[in-house]
Structures are given as structure tokens and as C-alpha cells.
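In: Sequence and predicted structure, then a few things I'm wondering about:
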Amino acid sequence: MNDDVIKIRWHGRGGQGAITAAKIVANAAFECGYNGVVMTPTFGTERRGAPVLTSLKISKNKIYDLSPIAEPDMIVVLDYLLLEEPGVTSGLKQGGMIIVNSPKTPADHAMNGIKIATADVTSIAVEAGLKQGIVNSGIIGAFAKAGGLMELDILLKKIEEEFRDKRPAQNAEAARLTFSRTDMGGVK
Amino acid sequence: MHIIESGNVAAATGVKLARAEVIAAYPITPQTPLTEKLSELVDSGKMKAEYIPVESEHSALAVCIAASSAGSRAFTATSANGLLYMNEQIHWAAGARLPIVMCVVNRGIGAPWTVWNDHQDSISQRDTGWIQLYACDHQQIIDTVIQAFYIAETVSVPVMVCYDGYLLSHTYMPFDIPEQDAVDRFLPKFAPAYFLHPDNPANLNTVTLPDIRPDVRGNMAPGYMEIRHNLHADMRRAISVVEEIDRKYQQAIGRGGSPLMEKYRCDDADFIAVCLGSLSYQLRDVVDTLRNEGVKTGVAGIRLYRPFPDKAVIAGLSHAKGLIVFEKALSYGNQGALYADIKSALYPVTDRPFVHNYILGLGGREIKTPDLLHAFRTSCTDFSNISDEPRWIGLKL
């Protein structure tokens, strides 16, 4: 029985690159010695702008159960307005964490028994030299800071590899800046 | 080298390593990224092959039939209604004994339309004379695709490599890509005994009389029934060929060992789940949970479904008190196809296990691990009700 699986659910809008972000983290996790890495996008009727989600499970051991995550340890949200959508925070464990791209503070998003990490990735990404609306590299910086599961440097390397043809330095810089500007709050 | 990619990319990488020479395919969800990847590989020159876009699945397989008849290594892929649109050519490829390899990215069949996973598409083709192999994860997809060409060319029977749509095709996980040199040492060049050539024109598979008769050279030629008998005989022989090629793959690449059926904790098990595809891996966690409760359980994933490995089923599973067959397909008005096959294989065994049948996951209905646990536990504790009627998991009537 594989009890050590860390379950992370990623929410974004179609076109925002939530799946790419989860894939980058999957690659970094594998390099960090997590032999079990499974990233399962939930498919159906994707349209630009519509809410999409993907499940990422990581474990030291091979993962055999590919079923969607019902009770995540962590939820990463690429657009804070999605927090108002039904189902986005469903199943989140008590003591679990929400990492969200938001101009607001953790206190503004406070939820009972949940840790909150916020960063204004949308603005930071522009500051890093990316086009308005590119947030899937920056959010990884917040994930690195708040999640504490893997080294920032490995994540930055994987960002540069994934975006090797699309402003790799700026994408990595967005994550680096976001790492340093992530605010954490909620339950300790 | 390990990479993290989708199951469709694993399949495409296997086709590239096997040096397929002609690829013809028509895109259909969830197979599409596989054919897109192959067309990219051919277009960029990374793969030396002829990629032939076609206007339908029927034509895709017709192109592969022509290419294979002319001595080329041919590949196609499809899903669901695309597979059904090929149906006439599927029978033709087997009857013509052409070693084509096709990936079937398993998807439910319309009507009503569904794009999500079940096994009804490939199961509905089980009697076409194709070998059917099922993969449980990305490593098995790439390894099985490479082996499929060797198997097909050894017995002159086409092979379907089946893997779950979305659950595997669009899921990302790590897998190892074998070195091209190692694959080249493992997989011999396609060298058919006979193939069409402009210098040696021939008319193949014309009307064949009910009885045997002399051919143009005066030699006695088989009739239709002998040709069918020989296909069946070679399909039966294919079971040991699949095992032999798996051994060679283990020597060359270092992976394998369960080409017919992959067993997990079965040896001392009282109750064994049996199924196809990635579901057998999901059931491993259920088996572990039941073992922790003191119930000796195991799970067997059938890797080779046609020809059916009946002797391996008897040798590996008949010691159990009960076999519980979980299926994502149904022979309407009867029962699950795999369930019927398992019961048939066990018939010669005097003290045979009871067999239960669960139908689940049709049209992508989510298969929840707690639901699997509940069903499996029920079958282990209450087996007084031996009914052929399949029970349904996750049904909301």
C-alpha cells in the first residue's frame, strides 16, 4: 500500500497552462528522487477560459492508482477568481494548503483550518519580462516557497527546459521573483 | 533514458524505435496526439518513414494493408468508432496474414457519443483474427509496441496494442526509452517470405473455392477452410511466440517477465481479481488494503487477450477459491467477455474457483478505489450467490 503519496490538484483556465505547470513540477519531482510521478489532466470539453484541472501525485514509490485526486494535500490555483467556482477547494484535507495567484493577502482568502499562500503572479510575471497573463511559470515559485517539497533551483532548471523556445530566462525569473514575494498565512 | 511524457508519446516513441516504414492514420480522440507526434517525427526527419494522411480509418488500414503486402513495416492507430469504421479491413488484414501493428487507444463506442475510456471497442474486435495485447502503464506501452512488430512478423498475424484512453494516453508518468542500438539488435528487419513487387505482379486473396484445388503451378493449394484453420493454428502458436519474444526482449533491453498475464500477490491468494489494462494496477492498492485486513487477495492483469492464454490462467489462478473479473466491456444480453473466457478456461479444472463478474467504468464513469475495495471485499465474504448475472459498480439508476 502506497501511503506516502502527496496529492496536488492544479486549477486554472483553459489556455493558462496549468497542465504545463504541473508537468514541470512532475519532472522536477522525478529528478528529486520521487520515483512515482503521475500527472492526470481531467479531460472533456476544454475551452479557452473555462476552468480546467489536473491531478499530480508524487511519491517515493511507483504509483499504481491513476484515479483522480479526491482529497488533495495541496491545491494550486492560477486565478484567484476560480476559488469562487464550485468544487475547486472540495476535498482539501484539514491542515491542507491553497497556493493561489492573487493580488490579495492570505487573510483575504482565509478558510477554516486551511493554510493559504498568495502571490501576485500576474504582475510579477510582467515585471519579469513576460507578456500579460503568463502565470504558469511564476506560480511554480509560490509552489516552491509554500510547498517546500523540492529545491527552487531544480524547479527553475525544469522551467528553463520546458520553455527553452519561449523566453526561458524570463519564465525562470518570474518563478524566482514569485518565490521571494509569496505571502503565507492561515493555520500553522 | 527516463522521460516524463504521455502514453501517446510512449507509443509514438516505440513506433519510431521499431523503425516503422509506413504510417497511415486518421485522427480521433484520444488517439490524436499519437498520430500528431508521429507526423512531427516524420516531418522533421527524425523518423525515416512515409506518413500517409488519409480521409478515413478504413483507408488508413487499407494503406497499411497495401504497404505490408509490398513488404513494408506498417503502423496505424485509432479508437472507438474509428476502429469500427475499419472493421472490414481489420478482418482483411488478418485473413491476408499481414503483420501490421495498430494501437487501439481504448474509448467507449457511440451512440451516444462518448470520448472517454472503456474497452468495448477492442473487445468487439476480439474475433477478427488479430493478436490483442493490453498495456497497464507507459513502460508497457513502449515495450509492447516494439515487441508487437516482432510478434506480428514471426507469426504473420497483425497485432493490436491496446491501452486506456486518457487514463494512459493523456496521463504523464516516467518511463524508460530503450537505446536505438539495443532495439535494432532485438528486432530483426522485416523480411517477408513473399511480397508484391512491380517485377513480379500477382493477384492476392482472390475468390477462394470451398474445396482445395491445384494452383497455377499444379501444386495443391489450400481452400478457404484450410486457410482459416492455419490462421487459428498460428494464433495458438503465437502464445509461445509472445513468451519467447519477451525473453529476447529481457535479454536485449532488460525488462519483461509477464507477457501473458501480470500477477500481483497471486501465489497464495484465496481471491484474485482479473482484468485488462490499467485497472489491474489500480487494484493493486485494493489488494494491499484487503491483505492488511487479513484477506488473502491478489490481482492478475491479462496482457495477452487474443489468443487467450488459457493454460496460464489454469496454472496461475485456478488454486484460488474465487476469481473476480472486473470489466469495462459487456457482451450485451450475456455477460462480460473476459468473464466468459475465464470461466471457459477453467472448465477442465475439477475443483475450480467460483467466478464473479463486475461491470464498471463504461464511457469513462470514474472508477473510485473505495468502490473497488467494497466490491472486492463483498466477493471475498459473500460468495453464496453464484450468479452469471454481472454486477455493476458505480451505477446510478
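Out: It's in. Note that the structure is a prediction, hence the values are computed from the model and not measured.
In: Now the phi/psi pair for residue 171, please.
Out: Assuming you mean chain A. For residue A:171, the backbone dihedrals (degrees, to the nearest 10) come out as phi -60, psi -40.
In: Excluding sequence neighbours, find me the nearest residue to whatever residue of the stretch 101-250 of chain B ends up closest to chain A.
Out: Nearest residue of the stretch 101-250 of chain B to chain A, counting by Cβ to the nearest Cβ: residue B:172, 4.0 Å away. Placement of C-beta: from N, CA and C, glycine included. Computed as Cβ to Cβ, 6 or more residues apart in numbering or on different chains, the closest residue to residue B:172 that is not its neighbour in sequence is residue A:39, at 4.0 Å.
In: Tell me who's in contact with the one you found.
Out: Shown in contact with residue A:39 (Cβ atoms under 8 Å, 6 or more residues apart in numbering or on different chains): A:19, A:22-23, A:26, A:54-57, B:4, B:171-173.
In: TSV please, covering those residues and showing distance to residue A:73 and neighbour count.
Out: Compiled in TSV, those are given as follows (distance: Cβ to Cβ, whole Å; neighbours: other Cβ atoms under 10 Å in any protein chain shown):
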residue	distance to residue A:73	neighbour count
A:19	19	23
A:22	14	26
A:23	19	24
A:26	15	24
A:54	15	27
A:55	12	21
A:56	11	26
A:57	10	27
B:4	20	22
B:171	19	22
B:172	19	24
B:173	19	25
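In: quick one: which of those residues sit in strands?
Out: Among these, the members falling in strands (DSSP state E) are A:54-57, B:4, B:172-173.
In: Three-state assignment for the residue nearest to residue B:172, please.
Out: strand (DSSP: H, G, I helix; E, B strand; the rest coil).
In: ok so, going back, farthest pair in the ones in strands among the contacts of residue A:39?
Out: Spanning the widest gap among the ones in strands among the contacts of residue A:39 are A:55 and B:4, at 14.5 Å by Cβ to Cβ.
In: Could you spell out the sheet neighbours of the lowest-mean-pLDDT helix or strand in chain A, each with its direction?
Out: Least confident helix or strand, chain A: strand A:183-186 with a mean of 84, by mean pLDDT, DSSP states H and E. Taking DSSP bridges as the criterion, strand A:183-186 forms sheet pairs with strand A:115-119 (antiparallel).
In: re the thing from before, can you put the ones in strands among the contacts of residue A:39 in TSV and add distance to residue A:159 and pLDDT?
Out: Below are these laid out as TSV (distance: Cβ to Cβ, whole Å; pLDDT from 0 to 100):
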residue	distance to residue A:159	pLDDT
A:54	17	92
A:55	21	93
A:56	16	96
A:57	21	97
B:4	14	95
B:172	16	96
B:173	20	97
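In: Which of the helices or strands spans residue A:132?
Out: Using DSSP states H and E, residue A:132 sits within no helix or strand.
In: okay, now it: neighbour count?
Out: 9 (other Cβ atoms under 10 Å in any protein chain shown).
In: Excluding covalently adjacent residues, which one is nearest to it?
Out: Here the residue nearest residue A:132, using Cβ to Cβ, 6+ apart, is residue A:126, at 5.8 Å.
In: Thought residue A:135 was touching the one you found, still the case?
Out: No: Residue A:126 is beyond contact range of residue A:135, at 10.0 Å (criterion: Cβ atoms under 8 Å).
In: So these two - more neighbours on which side?
Out: Ranked by neighbour count (other Cβ under 10 Å), residue A:126 and residue A:135 place residue A:135 first, with 28 against 15.
In: Read off the pLDDT value for the more buried one.
Out: With respect to pLDDT, residue A:135 has a value of 94.
In: Within range of chain B, give me the residues from chain A.
Out: Selection of chain A residues close to chain B by Cβ under 8 Å from any Cβ of the partner chain yields A:1-2, A:23, A:26-27, A:30, A:35, A:37-41, A:43-44, A:63-68, A:70.
In: Centroid-nearest residue for chain B?
Out: Nearest to the geometric centre of chain B sits residue B:133, at 2.6 Å (Cα atoms, centre = their mean).
In: And stretch B:335-355, how far out from the chain middle?
Out: In terms of Cα atoms, centre = their mean, to the nearest Å, the centre of stretch B:335-355 is found 20 Å from the chain centre.
In: What are the buried residues along it?
Out: B:335-343, B:345-346, B:352-355 (16 or more other Cβ atoms under 10 Å in any protein chain shown).
In: Just say helix, strand or coil for the residue of chain B most remote from its centre.
Out: Most distant from the centre of chain B: residue B:218, at 40.1 Å, with distances by Cα atoms, centre = their mean. Look at residue B:218: counting by three-state DSSP, its state is coil.
In: for it, what are its contacts?
Out: By Cβ under 8 Å, 6+ apart, residue B:218 lies in contact with nothing.
In: pLDDT value on it, please?
Out: 93.
In: Next, work out how far apart residue B:99 and residue B:310 are.
Out: Shown here: residue B:99 relative to residue B:310, a distance of 24 Å by Cβ to Cβ, to the nearest Å.
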